[in-house]
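> Just to be clear, the model below is a prediction. Sequence and coordinates:
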Amino acid sequence: FPSNWSDLPDSVEGSVNAETESSLKTMEAKVESLENELAVMRSSLTAVENAVRDMPAALMTMLEKSMGKSLQISEQCSESEGDWSFR
């Protein structure tokens with residue numbers, strides 16, 4: 001390619017511009033597609049995060065129903081340690 005675009009014949013310059021425009025449209029479409037995929041992934045991760053956050057309470061409720069007892073976790077202990085007491 002010449003260093004100066006003005007040295008190109010009009011037909012070549014038009015062809016290069018058309019190819020560039022086509023490439024840009026293709027890239028824009030790919031970017032839009034990737035953005036849509038990311039939006040779906042974000043909503044999926046949010047749903048999983050909400051389910052995980054609600055899971056301990058649901059598990060305790062199921063355990064209480066199956067044992068017929070009330071189950072309580074000590075507030076002073078961390079969730080990972082789980083100081084469990086039955087009533």
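Good, I have the coordinates. Residues are numbered from 1 along each chain as shown.
> Tell me where this structure has helices.
10-67 (DSSP state H).
> Okay, residue 34 and residue 28: tell me how far apart.
11 Å (Cβ to Cβ, to the nearest Å). Any C-beta I mention is one placed from the backbone N, CA and C, and that applies to glycine too.
> If you could redo that for residue 53, that was the one I meant.
37 Å.
> How about residue 40?
With distances taken as Cβ to Cβ, residue 40 is found 19 Å from residue 28.
> any weak-confidence spans in the protein?
1-16, 70-87 (pLDDT under 70).
> Could you rerun that using 90?
Across the chain, the ranges flagged by pLDDT under 90 are 1-24, 51-87.
> re earlier: shared neighbours of residue 34 and residue 28, which are they?
Counting by Cβ atoms under 8 Å, 6 or more residues apart in numbering, residue 34 and residue 28 have no common neighbour.
> do you know how far residue 69 is from residue 51?
Distance from residue 69 to residue 51, by Cβ to Cβ: 26 Å.
> before we move on, what about residue 27?
36 Å.
> can you check residue 28 too?
Residue 28 sits at a distance of 35 Å from residue 51 (criterion: Cβ to Cβ).
> Could you do residue 21 as well?
In terms of Cβ to Cβ, residue 21 sits 46 Å off from residue 51.
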